[in-house]
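A.B. asks: Any chance you can model this:
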Amino acid sequence: MFDRILVPVDGSDRALSAVELAVELQKKCDSELLLLCVYRHYSLLEASMSMVRPEKPENLDDSMREYATSVAEHAKQHAQAHGSASVRAFAKSGPPARTIVNFAQDKNVDLIVLGSRGLGDVEGYLLGSVSHKVTSLSHCPTLVV
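C.D. replies: Here you go, the predicted structure:
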């Protein structure tokens, strides 16, 4: 039924709940589980306007990529701890909803499972939640947990 299941993760409890549900579906469908953490690109202009001035400035994109990779790897370990046999973790830069949908299309995903609210509640309230945008844009079924 579902050969590939995608779970976007952001480190929130809701995302980990979505991982757990996806693992249960994976076991029933003998499918591959893909985890994706999307991080936002920060421009040099945004970095220059930051109130935080570290002694040794770093490339913000590198820091965001590193953090997103650690979030995705943590979710992968969580999935494995719940019995996932086939799971891969990815980190990508871009606008969250569009990046999730494009990734799903590129990887021929059959189902997207995602948390109803992640760490961006204020942004979600003002701009529309990522889960709502993904359900609107997705080419495949989307299960919101």
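
A.B. asks: Checking residue 37 next. Helix, strand or coil?
C.D. replies: strand (DSSP: H, G, I helix; E, B strand; the rest coil).

A.B. asks: I'd say it and residue 6 touch.
C.D. replies: No. Between residue 37 and residue 6 there is no contact under C-beta atoms under 8 Å: 11.6 Å. Heads up, the C-betas are built off the backbone N, CA and C, glycines and all.

A.B. asks: need the helix or strand of the protein with the lowest average pLDDT.
C.D. replies: helix 121-127 (a mean of 47; mean pLDDT, DSSP states H and E).

A.B. asks: Show the low-confidence segments of the chain, by residue range.
C.D. replies: Within the chain, the stretches with pLDDT under 70 are 42-58, 117-128.

A.B. asks: Tell me where it has helices.
C.D. replies: Taking DSSP state H as the test, the helices found in the chain are 13-29, 44-48, 60-81, 96-106, 121-127, 130-137.

A.B. asks: Buried ones in the longest one, by neighbour count?
C.D. replies: Right, the one you point to is helix 60-81. 60, 61, 64, 65, 68, 71, 72, 74, 75, 76, 78, 79 (16 or more other C-beta atoms under 10 Å).

A.B. asks: Would you check that residue 89 makes contact with residue 77?
C.D. replies: No. Counting by C-beta under 8 Å, residue 89 stays clear of residue 77, with 9.0 Å between them.

A.B. asks: how far is stretch 68-87 from where the chain is centred?
C.D. replies: Mean-position distance between stretch 68-87 and its chain equals 12 Å (C-alpha atoms, centre = their mean, to the nearest Å).

A.B. asks: could I have that stretch exported to CSV, CA atoms only?
C.D. replies: Taking C-alpha atoms only, stretch 68-87 is exported to CSV below (Å, rounded to 0.1, in the frame of the first residue of the first chain):
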residue,chain,number,x,y,z
ALA,A,68,18.7,20.1,11.4
THR,A,69,20.9,17.1,10.8
SER,A,70,21.0,16.4,14.5
VAL,A,71,17.2,16.7,14.8
ALA,A,72,16.8,14.3,11.8
GLU,A,73,19.3,11.8,13.4
HIS,A,74,17.6,12.0,16.7
ALA,A,75,14.3,11.2,15.0
LYS,A,76,16.0,8.3,13.2
GLN,A,77,17.2,6.9,16.5
HIS,A,78,13.7,7.3,17.9
ALA,A,79,12.2,5.4,15.0
GLN,A,80,14.8,2.6,15.4
ALA,A,81,14.0,2.4,19.1
HIS,A,82,10.3,1.9,18.2
GLY,A,83,11.2,-0.9,15.8
SER,A,84,11.8,0.7,12.4
ALA,A,85,13.7,-1.6,10.1
SER,A,86,14.4,0.7,7.2
VAL,A,87,14.8,4.4,8.0
